[in-house]
Structure formats: C-alpha cells, structure tokens
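1. Here is a sequence with its predicted model. Questions after.
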Amino acid sequence: MIVFLYLFELTMLRVRNGGLACCRSCMLLFVWAGPAAAIEHQISASLKRGAGRDGQVFVNTTPVSGICRSVMYFCGDFPFSVMTRIVADGPKHMVARTEPGPDGSDLLLKVPGPMEIEITHTGLGVSRTLKFVPKLFGMSLEMPESPNNASWQLDPECSFGARGGSTPRSYQFAWLLAPEKPVCRMFSRVERTITRISNISLGYEMVAAAAHDMPAGVYRGSLRYTVGEGGDLDLGAGFTYNTNELVFNVNLTVTQEMAVQLASGSASVELLPPGGWQQWGTQPPPYLKAELPFYLSASGPFKVYLSGCDIPMGDGCGIRHAFFNKNIPLQIAVTLPGMKRDDADVSLLVLSNNRDASPLLAPDTGAVARRLSQVHFNVNWPESKDMRRYGGKFVGNVTLMFDADF
C-alpha cells in the first residue's frame, strides 16, 4: 500500500548549498509495505480403506522436495518433506556456548504439534476430521564463514533423530520431531553469524481420525500456519521472513474395498406366491416374491440403487408378459446385515433408480466381510391378481449398483 500526504502550506526546505528554498505545495511520500502474501502449497495423499481400521495414515502423493530430496540421508526413516519456500534473512549473531543460552540468543526450532483439519467431500458435501502431524523439520543455515559441522548442538532434551552436514558456506540438517516436544533450541560452540536460512522443509503425516466413517471419494481442506517470531513456525529473534503465513491446500482421495458375490452363482430368480402356485388353484395370490442371496464385503459407506431396467416403470423397474406386452411393477429391496442407515439396520430397504436420493449406508463396526445379504423381489396386490389373470410368463432384467464412488 502507498499513502500520499500532501502539505499545502509554505514550507522551508534546505538545499545542497546551504541556502533555503520555498515550496508552496510539497508532496511527502510515505511508503507502507503490507505483509507479504501467504505461501501456498497444493498437497495430496490417498487412503485405501482397510477393514474398518481407524487411525490409518494417508499415503503422501505430493512429490518429495526440500531437504529429503537434496540430502535424503538426513531424513532417515521418514524420507518425505516439502520445501516450504520460506526464507528467513538475518543477520543472526550467535555467541559461543556449551549449553543452551537465554531465550532469543539461540536458534529456535518451533513447529506446531498435531493439528486437526476439517476436510469436505467434494461430492457429498459431508465433512470429516483429519489429523496433520509434523514429523520432520529441516533447513540450510547460510554463513559467511565455514560452518564447522561439529560445532552445532541441539538442546539435549530434544536431540531425537537429528542429522546434519556442511557445505563450504552452509550447514544443513533435518530434525525428526519427537511427538512430545515439537520445540527445540540449537546453539553453537563457536561464535558465528547466520545470514540466511533457506531450504526450510517440513515433513508430515496425515492421519484419518475415523477411517471407517469416510465415504470414498475426494476431500478438500486447508491448514494455515503463522510464520515468524511468536508464530506457529518460528526460528527465534533476529530474522526477517518473506511471508507471515504458510498454507497447505489438501486434496485427498479415499478408496475402499468392496465385493459383491452371488451365493448361488446364479443371478436368476423365479417369482412365486406363498406356498407355490398349486396351493392357490384359480385364486389370485396376495403377492409374488423371490429372494437372491449374496455375500457383501465393504470397508466404508456406499449407496445401492437401480442402475438399469429392461422395463423402466416410474423410479423403479417392471416385468413384461412375453405375449401380451403387459407390464407389471416390480418392487426391489435389500437387506444388508451389519450395515446402517442413519443408525437403523438396513432391512427391506426399497430401491429406486434415483442415485442422489438413495441413502448413504455405512458399516456398523467399520467393515463387513462376506456378510450374507439378500435382494428381495416382490409383486404386490393388485398386480399379483393381474398376473394370475393373464397367466403365462413375465420376464425382465434389472441391474443393482453398489456405488462407493462419489
């Protein structure tokens, strides 16, 4: 932002030769620089739902950059980092010490502990909670003198998993964060000056807090860190940063395991009245029905609906007389033990061809594995009377979709 201040009055200005000059309209220019724009990163990860396990760690699909790419050895058992593009300019003068000094005199390494992110399903609009867990903090300390690799020391209370090495004018290191202490101080056993800190890198994990309750699909959310002295990411006093905010825009893909297997191996059913046709003689039965058993395995929520019919009728399907072209509506429902719809058991749930209006079903305990389930086919009264009157054969094909892709 630029602010102009105009002074409309007689003003005496001293000129170079020592004399005075008059100015009736002088402009004084004050320039105020607002905070630097936030640095944003697009990060991605994927999760294949296991058998209802919570606390599952997403697999990072963001390309590795920063310290774990330039010096992978430093990152040890956690070889993943993102170069934040944050730069901290000094000079930061450090006196020789053999132990941590007063606050502000050492290099501070402050990273937030685990934080929760709200992520939203792009198709369903439902929100879930994700835990973002920093695991590694790395950087390059630039100096005008030799960095003297052996002179750097982390506070012994937080020296868990630190590795480093020097180049002619910098000291690079990665600190594997101890979960219970995401803040540390670094001191030097010789006097030195840090002119700049670059290649500031962060490694992290993203953990599904309730994996069993995450419908498959794409989720988006964001995490914001403040940067600078007193911020979420803080290197201590004596530095000027190129930003005051770091933003991670999160894009997550969740897939799940699902299998539907016919119990009998056949997908054909025959509609019959109670007790069979012989019991009814010439009398019309109150209904006709058939059941098709199948095994269901699912590790997350899904929808089931009618995706195709030979004879569409309203929002459902029908069957047709082979000779008279008479159509009869067919009611199709499912019973899915171990699945819930709004905390209620899924029993005789009538299906339609409306995908959007079909309810979301979720495993009661996180997953179902080869659970014996049923598809129910019914022709109700008075259509059952019509079928008896026409006699002969009614046929039709229907397709059920078990849909976990939103």
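-> Great, that's in hand. Numbers count the residues shown, from 1 in each chain.
2. domain parsing for the protein?
-> Taking automatic domain parsing as the domain assignment, the record places the domains of the chain at 2-31, 39-256, 258-403.
3. Tabulate these in JSON lines, adding columns for mean neighbour count and mean pLDDT.
-> Placement of C-beta: from N, CA and C, glycine included. Below are those laid out as JSON lines (neighbours: other CB atoms under 10 Å; pLDDT from 0 to 100):
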{"stretch": "domain 2-31", "mean neighbour count": "9", "mean pLDDT": "35"}
{"stretch": "domain 39-256", "mean neighbour count": "18", "mean pLDDT": "88"}
{"stretch": "domain 258-403", "mean neighbour count": "16", "mean pLDDT": "91"}
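4. Report the central residue of the protein.
-> Of all residues in the chain, the one closest to the mean position by CA atoms, centre = their mean is Leu252, 3.8 Å from it.
5. Could you give the bridge partners of it?
-> Following DSSP bridges, Leu252 is listed with bridge partners Ala45, Tyr219.
6. what does Lys92 give?
-> Beta bridges link Lys92 to Ile194, judged by DSSP bridges.
7. residue contacts, it?
-> Contacts for Lys92 were tallied using CB atoms under 8 Å, 6 or more residues apart in numbering; they are 107, 193-194, 236-239.
8. try 10 Å
-> If a contact means CB atoms under 10 Å, 6 or more residues apart in numbering, then Lys92 has 105-107, 141, 143, 192-197, 235-239 as its contacts.
9. Pull the most distant pair out of these.
-> Largest separation among the contacts of Lys92 by CB to CB: Ser105 and Arg196, giving 18.8 Å.
10. Which helix in this protein has the most residues?
-> Longest helix in the chain by number of residues (criterion: DSSP state H): helix 383-390.
11. I'd like the next helix or strand past it.
-> With elements assigned by DSSP states H and E, the helix or strand that comes after helix 383-390 is strand 394-395.
12. next one: that next one to chain centre, how far?
-> The chain centroid and the centroid of strand 394-395 are separated by 48 Å under CA atoms, centre = their mean, to the nearest Å.
13. same for the helix or strand following it, what does it pack against?
-> Counting by DSSP H and E, the next helix or strand C-terminal to strand 394-395 is strand 398-403. Helices and strands touching strand 398-403, as assessed by 3 or more CB pairs under 10 Å, 6 or more residues apart in numbering; DSSP states H and E, comprise strand 258-262, strand 287-298, strand 303-309, strand 316-321, strand 327-341, strand 368-380.
14. All the helices of this structure, in order from the start?
-> 67-70, 383-390.
15. could these go into CSV alongside distance to Ser81?
-> CSV is the format used below for the helices of the chain (distance: least, CB to CB, whole Å):
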stretch, distance to Ser81
helix 67-70, 4
helix 383-390, 66
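16. and Gly396, which of those is closest to it?
-> Comparing these by their distance to Gly396 (CB to CB), the top pick is helix 383-390, with 12.4 Å.
17. Measure how the closest one sits relative to strand 368-380, angle-wise.
-> 60 degrees (axes from the mean of the first three to the mean of the last three CA atoms, to 10 degrees).
18. Next, the angle from helix 383-390 to strand 287-298.
-> Relative orientation of helix 383-390 versus strand 287-298 (the same axes, to 10 degrees): 120 degrees.
19. Provide the contact partners of helix 383-390 at residue level.
-> Contacts of helix 383-390 from elsewhere in the structure, counted by CB under 10 Å, 6+ apart, are 271, 273, 277, 280, 282-289, 318-319, 321, 323-324, 326-331, 378-379, 393-394.
20. can you do 7 Å?
-> With contacts defined as CB atoms under 7 Å, 6 or more residues apart in numbering, helix 383-390 is touched by 284-288, 321, 324, 326, 328-329, 379, 394.
21. Which two among the residues you listed are spaced furthest apart?
-> When CB to CB is used, the two most widely separated members of those are Pro286 and Phe324, lying 22.4 Å apart.
22. pretty sure Lys135 contacts Pro79?
-> No - using CB atoms under 7 Å, Lys135 and Pro79 do not qualify as a contacting pair, with a distance of 10.7 Å.
23. Skipping adjacent residues, who's closest to Trp381 in space?
-> Pro286 (5.2 Å; CB to CB, 6 or more residues apart in numbering).
24. I'd say that neighbour and Val379 touch.
-> No - under the criterion of CB under 7 Å, Pro286 lies out of contact with Val379, with a separation of 10.2 Å.
25. Save the helices and strands packed on strand 398-403 as a markdown table, and put in distance to Ala216 too.
-> Formatted as a markdown table, the entries for those read as follows, by distance: least, CB to CB, whole Å:
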| stretch | distance to Ala216 |
| --- | --- |
| strand 258-262 | 8 |
| strand 287-298 | 10 |
| strand 303-309 | 11 |
| strand 316-321 | 26 |
| strand 327-341 | 15 |
| strand 368-380 | 15 |
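26. residue contacts, Ser81?
-> 64-68, 75, 136, 138, 201-203 are the contacts of Ser81 under CB under 7 Å, 6+ apart.
27. same thing but 6 Å
-> Taking CB atoms under 6 Å, 6 or more residues apart in numbering as the definition of contact, the neighbours of Ser81 are 66-68, 136, 201, 203.
28. Taking those, tell me the two that lie furthest apart.
-> Greatest spatial distance among the contacts of Ser81 (CB to CB): Gly66 and Leu136, at 9.3 Å.
29. coming back round to it: please identify the one among the contacts of helix 383-390 that lies nearest to Glu116.
-> Pro329 (48.7 Å).
30. doesn't Cys317 make contact with the closest one?
-> No - Pro329 is beyond contact range of Cys317, at 7.9 Å (criterion: CB atoms under 6 Å).
31. on that earlier part again, filter the contacts of Lys92 down to the ones in strands?
-> When DSSP state E is applied, the contacts of Lys92 are split such that 107, 141, 192-197 fall in strands.
32. Output the residues you listed as JSON lines; include the columns distance to Leu336.
-> Compiled in JSON lines, the ones in strands among the contacts of Lys92 are given as follows (distance: CB to CB, whole Å):
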{"residue": "Leu107", "distance to Leu336": "58"}
{"residue": "Leu141", "distance to Leu336": "59"}
{"residue": "Arg192", "distance to Leu336": "67"}
{"residue": "Thr193", "distance to Leu336": "68"}
{"residue": "Ile194", "distance to Leu336": "62"}
{"residue": "Thr195", "distance to Leu336": "65"}
{"residue": "Arg196", "distance to Leu336": "61"}
{"residue": "Ile197", "distance to Leu336": "57"}
